[in-house]
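What follows is a predicted structure for the sequence shown.
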Amino acid sequence: MINLHMMMVVTFGLVVRSHPRYQNALMVDALLFNEAAWPQPFPVLELTFQDLDGDTVATRRFQPAEYLRGELAGARAMPVATPVHIGLEIVDPGARAVNYNLRLLAADRPDPRLGAAP
């Protein structure tokens, strides 16, 4: 049994803006924070865009290997009490996409040694 304590991983500071160099592209920035007292697997990120009626216009899931960069590239464990910056470049889903949401999901194949309280 893998207990990921996903409620102990939070996101804040989500910002979606036009890409400064490419047309029809967006930049997405957010911070992840592991509030647990132990390392946990990095979550899968699900980014969803909706229209004014709340209907989904576009959605995509990002595996940790797709969003971890720099010194965290290839890392399996999310550090404790350390903000992790996430930066994504994506195709603009269009003018209908006026709302967005970032949801954290349990990793598809987490390391069984991570995510359990000591």
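Yep, it's here.

Which strand residues bridge the most centrally placed residue in the chain?
Geometric centre of the chain, nearest residue: residue 45, 3.4 Å, by CA atoms, centre = their mean. Under DSSP bridges, the beta-bridge partners of residue 45 are residue 62, residue 104.

where does the protein have low pLDDT?
1-6, 108-118 (pLDDT under 70).

Let me see the ranges of the helices in it.
64-67 (DSSP state H).

Check what contacts stretch 59-66 and list those residues.
Stretch 59-66 is contacted by residues 41-49, 74-75, 88, 90, 105, 107-108 when judged by CB atoms under 8 Å, 6 or more residues apart in numbering. For glycine as for every other residue, the C-beta is placed from the backbone atoms N, C-alpha and C.

Which pair of those residues spans the longest distance?
Farthest pair in those (CB to CB) is 49 and 74. Separation: 28.9 Å.

quick one, which of those two is more surrounded?
Between residue 49 and residue 74, counting by other CB atoms under 10 Å, residue 49 is the more crowded of the two (21 against 8).
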